[in-house]
Structure formats: C-alpha cells, structure tokens
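Peer 1: Sequence and computational prediction follow.
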Amino acid sequence: MRLPTSLMTGVLLLCAAGARAQTTKGGKIDPTWLRADAASKTADFKLVAGLTDANGGMNFNGFSQGGLVLTVPQGWNVVLHFKNEDPNLPHSVEIIAEAPAVPSGPIPPAFEHATTGRLEQGFTSGQSADVRFVAAKSGSFLIFCAVPGHGAAGMWIRLAVSGSADKPALAAAP
Ligand SMILES: [Cu+2]
C-alpha cells in the first residue's frame, strides 16, 4: 500500500522543521575545542565567533541561545582563545552572570579579566584575543557577545562553574 502524497509531504515538512529547529541552536561539537590540564588546573577553550552562518553569523562555535555548555571545576584557570571568523560582523566576548534577560550591550564581567575588551565595537573578521580568568565562584554564567544587539539576538552560550565536577567538559544543551 502506498501512502497518500499529502501525508508524505506532511512527514517531509515535519522532518525539515525538526532539522531547522536543531541547527538554530547549534551544530556539532569538535572535541579539539577543549583541552584540560589537571596539573595546572587550566581549561583551554577555542571560542570561534561566527564559525558557521547559523543565526546570521551570531554564534559561538556554531551554537547560539545557550546551545553549548562549557563546564569547568570551580577554582580552575580558564583561557578562552577567541577568534572572529565571521566575514560580516564584528564580535566580542565577556563572561556575565545569568539573568532573566540577556543584556543589550556591555555590562561588568562576572569574573575579573573575563572579557576581550573592545566589547562594544568588537573584533573584525580574522582578529583574535586570549581571555584569561579564574573561575573563582560556582554558578551559571553566559559566554556573551557584547556588541550591541548581538547577545539579545541569541549570541551567547553557557559557562557552568561547578563545585563538584573534577574536570572540564563540553556538551550540547538538552
Ligand atoms: Cu557578536
């Protein structure tokens, strides 16, 4: 028995919608993005703005809207190796506390030095900056682009500083 064409079309449309919903939040995790050194308690994270064209380029490593979660143990050193690969838009990075609304532009960072600087104007395509800070307090934070409007448009992923984790981890949000 053959399925009616209208039903087939409906199934295909549903599949397409499902795939689209997934790609708006994120893509694939590359295990080389995160390196952990237990001896020095340092997590090195490769953070690429505009890695893909998802969310109009306003993504980190292809993820937006909290779709990627970097977990680090409390007290570890974090080094963000930031690079902007977006051919169109400038981007910046700062770590901010989670709040009910994502800010529309720069605010003070949640940890000392947890910012690329040039928050408002951002870094243009091909530019990079290293951000080093100590994840001194546990909690939920955002890795946030502070160029006005970008964060509110979804250009943020998550940083979880954990009092119980024994090593850094990278995961897609459920
Ligand atoms: Cu941005």
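Peer 2: Everything's here; your move.
Peer 1: As a check, name the ranges of all helices in the chain.
Peer 2: Assignment of helices within the chain using DSSP state H yields the ranges 5-25.
Peer 1: any idea how far Ser40 is from the residue sitting nearest the centre point of it?
Peer 2: Centroid check for the chain by CA atoms, centre = their mean gives Ile157 as the closest residue, at 3.1 Å. Remark: distance between Ile157 and Ser40 (CB to CB, to the nearest Å) = 24 Å. To be clear about C-beta, it is placed using only N, CA and C from the backbone, and glycine gets the same treatment.
Peer 1: for Gln127, same thing?
Peer 2: 27 Å.
Peer 1: of the two, who's got more company?
Peer 2: Just comparing Gln127 and Ser40: by other CB atoms under 10 Å the higher neighbour count belongs to Gln127, 16 against 9.
Peer 1: What residues does Ile157 make contact with?
Peer 2: Shown here is Ile157, whose contacts under the criterion CB atoms under 8 Å, 6 or more residues apart in numbering are Phe60, Asn61, Phe63, Ser64, Gly66, Gly67, Leu68, Val69, Leu70, Leu142, Ile143.
Peer 1: Just name the closest of these to the ion, please.
Peer 2: Lowest distance from the ion to those (CB to the ion) belongs to Phe60, with 8.8 Å.
Peer 1: Read off the pLDDT value for the closest one.
Peer 2: Here the pLDDT value assigned to Phe60 is 98.
Peer 1: likewise Gly27?
Peer 2: 82.
Peer 1: Same question for the one 3 residues further on.
Peer 2: Asp30 carries a pLDDT value of 96.
Peer 1: count of neighbours near it?
Peer 2: Under the neighbour criterion other CB under 10 Å, Asp30 is assigned a count of 13.
Peer 1: Once you drop chain neighbours, what's closest to it?
Peer 2: Of all residues beyond its chain neighbours, the one nearest Asp30 is Asn61 (7.6 Å), with distances taken as CB to CB, 6 or more residues apart in numbering.
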